[in-house]
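> with the sequence up front, the predicted model follows.
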Amino acid sequence: MSEYIHAALLLHSAKQQITEEKVKAVIKAAGIEPDEARIKVLVSSLSKINIDEVLSSPLAIGPVAPAAVPAQQVAAEKKEEKKEEKPAEEMAGLGALFE
């Protein structure tokens, strides 16, 4: 079904009216055998929607991914963890001498 939606978005982007014939032509141009029923349902559904409004809404963009942590920061955090682990390990080794 996504190919039909993509065809409609392509027509919308080209400022073309989204009609059954035009969606069918785009689908055929992509080398896909069009399903008349799907095209009819899509065109009918889109006639009730303001596509520009939907595309500009925050929900159309989707959730924002958190910023990536720089590799240097990750490496520095790992070094700090290793430094904290060594004294505990060294103390355990020294403690064994006095048992």
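Right, received. Where do you want to start?
> from now on I want contacts and neighbour counts done on CA atoms only, so please keep to that.
Will do.
> low-confidence ranges in this structure?
Residue ranges of the chain with pLDDT under 70: 60-99.
> look at Leu9 and say how many residues are nearby.
16 (other C-alpha atoms under 10 Å).
> Tyr4 and Glu53, how far apart?
For Tyr4, the distance to Glu53 equals 20 Å [C-alpha to C-alpha, to the nearest Å].
> typed the wrong thing, it's Ile39
Taking C-alpha to C-alpha, one finds Ile39 at 22 Å from Glu53.
> of the two, which one has the most company?
Neighbours were counted for Ile39 and for Glu53 using other C-alpha under 10 Å; Ile39 has more, 23 against 9.
> please name the nearest non-neighbouring residue to the more buried one.
Glu20 (6.0 Å; C-alpha to C-alpha, 6 or more residues apart in numbering).
> from Leu42, how far off is the one you found?
Taking C-alpha to C-alpha, one finds Glu20 at 9 Å from Leu42.
> with Ala14 instead?
In this view, Ala14 and Leu42 are 18 Å apart by C-alpha to C-alpha.
> helices along the protein, start to end?
2-13, 20-29, 36-46, 51-56, 58-61, 71-97 (DSSP state H).
> just want the angle from the third one to helix 2-13.
Here helix 36-46 points in a direction 50 degrees away from that of helix 2-13 (axes from the mean of the first three to the mean of the last three C-alpha atoms, to 10 degrees).
> how about helix 36-46: buried residues?
39, 42-43 (16 or more other C-alpha atoms under 10 Å).
> using CSV, list the CA coordinates for it.
Output of helix 36-46 as CSV, limited to C-alpha atoms (Å, rounded to 0.1, in the frame of the first residue of the first chain):
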residue,chain,number,x,y,z
GLU,A,36,-8.0,-0.3,-8.9
ALA,A,37,-9.7,-0.8,-5.5
ARG,A,38,-6.8,0.5,-3.5
ILE,A,39,-6.4,3.5,-5.8
LYS,A,40,-10.1,4.3,-5.4
VAL,A,41,-10.0,4.1,-1.6
LEU,A,42,-6.8,6.2,-1.4
VAL,A,43,-8.1,9.0,-3.7
SER,A,44,-11.4,9.0,-1.8
SER,A,45,-9.7,9.2,1.6
LEU,A,46,-7.2,11.9,0.5
